[in-house]
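1. no sequence on this one, just coordinates:
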Ligand code: IPE
Ligand code: IPE
Ligand code: MG
């Protein structure tokens with residue numbers, strides 16, 4: 001079951017979010033609580049991501065942005081950073097049967113040039129391999145920062161303008177938006193943060209202008225299908241005004 005029918009049945013509302021963003025937080029605490037290294041939490045987080053991607057697709061969510069590594073996460077120990085990059089190179093392409101079964105198209109947002117070459121290769125291979133799948137688009141936000149994205153967008157806009165000889169009109173919201181990492185993807189309707197903190201940590205700053213926010217105390221590796229469905233149902237009960245009066 002896919003599309004609007006699934007959105008209506010599972011979410012209990014046709015108001016299911018088209019685009020959900022998730023700040024997958026709490027891997028380190030999950031592992032520490034079990035006297036395990038933080039890296040085990042990241043490994044387990046991968047399993048949670050697969051459960052949640054499947055649930056989101058079943059709920060009719062069409063775009064899912066997963067915050068996997070922020071521009072600030074380089075501040076962690078070299079070992080932890082290396083492990084996280086290793087997860088990408090070791091697992092991303094290997095999960096092809098999962099993408100095929102669920103119908104996942106993988107895309108990326110973030111500063112690709114500053115990622116290790118092996119990660120860049122892995123990302124472009126998986127994007128190419130999955131481009132025909134169309135049930136859900138999973139945007140892997142890797143080396144992603146909202147401010148960094150806006151600055152890169154401004155620079156792309158300036159570079160485009162330099163190439164053009166005609167006089168340029170003033171910059172507009174729509175004009176800048178076109179230069180963001182994924183301009184074709186609609187703004188997120190719902191942003192979920194797991195792990196108890198209530199902040200955005202530089203995630204999708206431009207795109208979140210009117211997103212509904214949902215905070216969960218559960219640590220990311222403990223998240224499962226029902227947690228996602230509950231968040232989607234909660235979203236279905238929200239009243240969105242977009243500055244107007246209903
Ligand atoms: C989120 O979990 C995953 C990444 C940021 C890569 P954390 O690693 O931040 O886990 P906590 O917040 O320390 O528990
Ligand atoms: C946000 O989590 C980044 C990701 C989930 C990838 P952090 O754990 O890095 O956020 P802060 O540092 O607690 O704000
Ligand atoms: Mg954290």
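-> Good, I have the coordinates. As the structure is a computational prediction, the values presented were derived from the model and not from experiment. Ligands and ions are numbered 1, 2, ... in the order given.
2. If you count neighbours, what's buried in stretch 15-33?
-> For stretch 15-33, the neighbour count (16 or more other Cβ atoms under 10 Å) marks 15-31 as buried. In short, each C-beta sits where N, CA and C put it, glycine included.
3. quick one: average pLDDT of that stretch?
-> The pLDDT scores in stretch 15-33 average 97.
4. Establish whether that stretch and ligand 2 are in contact.
-> Yes. Using Cβ under 6 Å from any ligand atom, we find that stretch 15-33 touches ligand 2 at 23, 24, 25.
5. cool, stretch 66-86 as well?
-> Yes. Stretch 66-86 is in contact with ligand 2 by Cβ under 6 Å from any ligand atom, via 67, 68, 69, 70, 73.
6. how much space between the last one and residue 99?
-> Pointing back at residue 73 there. Distance of residue 73 to residue 99, computed by Cβ to Cβ, to the nearest Å: 25 Å.
7. More neighbours: these two, which one.
-> Neighbours were counted for residue 73 and for residue 99 using other Cβ atoms under 10 Å; residue 99 has more, 21 against 17.
8. Quick check, that one in contact with residue 131.
-> No. If you go by Cβ atoms under 8 Å, residue 99 and residue 131 don't touch, sitting 10.5 Å apart.
9. can you list residues touching both of these two?
-> Common contacts of residue 99 and residue 131, defined by Cβ atoms under 8 Å, 6 or more residues apart in numbering, comprise residue 105.
10. can you give me the helices in the protein?
-> Along the chain, the segments classed as helices by DSSP state H run 3-11, 27-32, 38-58, 78-91, 96-102, 117-129, 146-163, 173-177, 225-236.
11. Include distance to residue 194 when you put the ones you listed into a markdown table, please.
-> As requested, those are exported to a markdown table (distance: least, Cβ to Cβ, whole Å):
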| stretch | distance to residue 194 |
| --- | --- |
| helix 3-11 | 19 |
| helix 27-32 | 10 |
| helix 38-58 | 9 |
| helix 78-91 | 17 |
| helix 96-102 | 21 |
| helix 117-129 | 24 |
| helix 146-163 | 19 |
| helix 173-177 | 28 |
| helix 225-236 | 8 |
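12. Return the residues of this structure in contact with ligand 2.
-> Counting by Cβ under 6 Å from any ligand atom, the chain sits next to ligand 2 at 23, 24, 25, 67, 68, 69, 70, 73, 197, 199, 201.
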